[in-house]
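Novice: Provide a 3D model corresponding to the input given below.
(one chain, ligands or ions: 2)
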Amino acid sequence: MTCTYTYHGHACFTLEGDGVTLLFDPFLTDNPDAKAKPEDFSPDYIILSHGHFDHMPDTVAIANRSDATVIGVFELASWMNSQGVASVHGMQPGGSFKFPFGRVKLTIAHHGTMLPDGSYGGVAVGAIVDLGGVRVYFTGDTALTYDMKLYGEEHIDVLVLPIGDNYTMGPEDALRCVKFVNPKVVIPLHYNTWPPIVQDAQAFKTAVEAETDATCIVVGVAESVTL
Ligand code: NI
Ligand code: MN
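Specialist: Residues are numbered from 1 along each chain as shown. Ligands and ions are numbered 1, 2, ... in the order given. Got it, this is the predicted structure:
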């Protein structure tokens, strides 16, 4: 497998493989945990899970500087286009598309979505992404849902999921998600950014590795792991 995951805090991460960089949910400028700045990124694509302020506020600046294509649900992609992003690719949950780097399929997530100006941002989603021979399932912000069992039939290598609780799955439901998806590797995110979502990621790792066959990698902010 040849795909590198780098964590930038909260739900922001990059995947790099086959000479392509994918940036997920850029939230850097106002992210108390972020060490990187929007200027540090030159992604080829930006993939958005939903329109909440903690998932997309640096998208326009990064996309315009790097000519990145923004991938997300149609309503969110159209809004980004209206904000000045030249290249967008709108999709909907359940839809997949083969990009030059690999396939992206948007997945069902149970979560709210509203853009900062009050616009409707479409439904929240996750994504199953193929890059560098690795299949990554990023659940996005979501409750545990039985649909995850169906995505588990798609031979997921790496599962990236929130454990923060309050706004998303907490550690107990995230562990049940791991059992539904049956990945080789689990990477937790969307925790410790603010007091309501403080969690013990090492305890989550211990539980995952005790109760499933997966390896759980706790990736710190600005750290990378090759998958
Ligand atoms: Ni959200
Ligand atoms: Mn969030």
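Novice: C-alpha from now on. contacts and neighbour counts both.
Specialist: Noted.
Novice: residue ranges with poor pLDDT in the chain?
Specialist: 1 (pLDDT under 70).
Novice: and the helices in the protein?
Specialist: In order along the chain, the chain carries the following helices (DSSP state H): 59-66, 74-82, 147-151, 171-181, 201-211.
Novice: need these in a markdown table (columns: mean neighbour count and distance to residue 47).
Specialist: As requested, those are exported to a markdown table (neighbours: other Cα atoms under 10 Å; distance: least, Cα to Cα, whole Å):
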| stretch | mean neighbour count | distance to residue 47 |
| --- | --- | --- |
| helix 59-66 | 18 | 9 |
| helix 74-82 | 20 | 10 |
| helix 147-151 | 16 | 19 |
| helix 171-181 | 21 | 21 |
| helix 201-211 | 16 | 25 |
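Novice: now render the ones you listed as a markdown table, adding distance to residue 91.
Specialist: Converted to a markdown table, the helices of the chain look like this (distance: least, Cα to Cα, whole Å):
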| stretch | distance to residue 91 |
| --- | --- |
| helix 59-66 | 17 |
| helix 74-82 | 5 |
| helix 147-151 | 18 |
| helix 171-181 | 23 |
| helix 201-211 | 32 |
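Novice: quick one: closest of these to residue 53.
Specialist: helix 59-66 (10.7 Å; Cα to Cα).
Novice: and that closest one, what does it pack against?
Specialist: With contacts defined as 3 or more Cα pairs under 8 Å, 6 or more residues apart in numbering; DSSP states H and E, helix 59-66 has no helix or strand neighbours.
Novice: run through who's touching it.
Specialist: 25-26, 38-39, 41-44, 46, 68-70, 80, 83-86 (Cα atoms under 8 Å, 6 or more residues apart in numbering).
Novice: buried ones among those?
Specialist: Taking 16 or more other Cα atoms under 10 Å as the criterion, what is buried in the contacts of helix 59-66 is 25-26, 38, 41-44, 46, 68-70, 80, 85.
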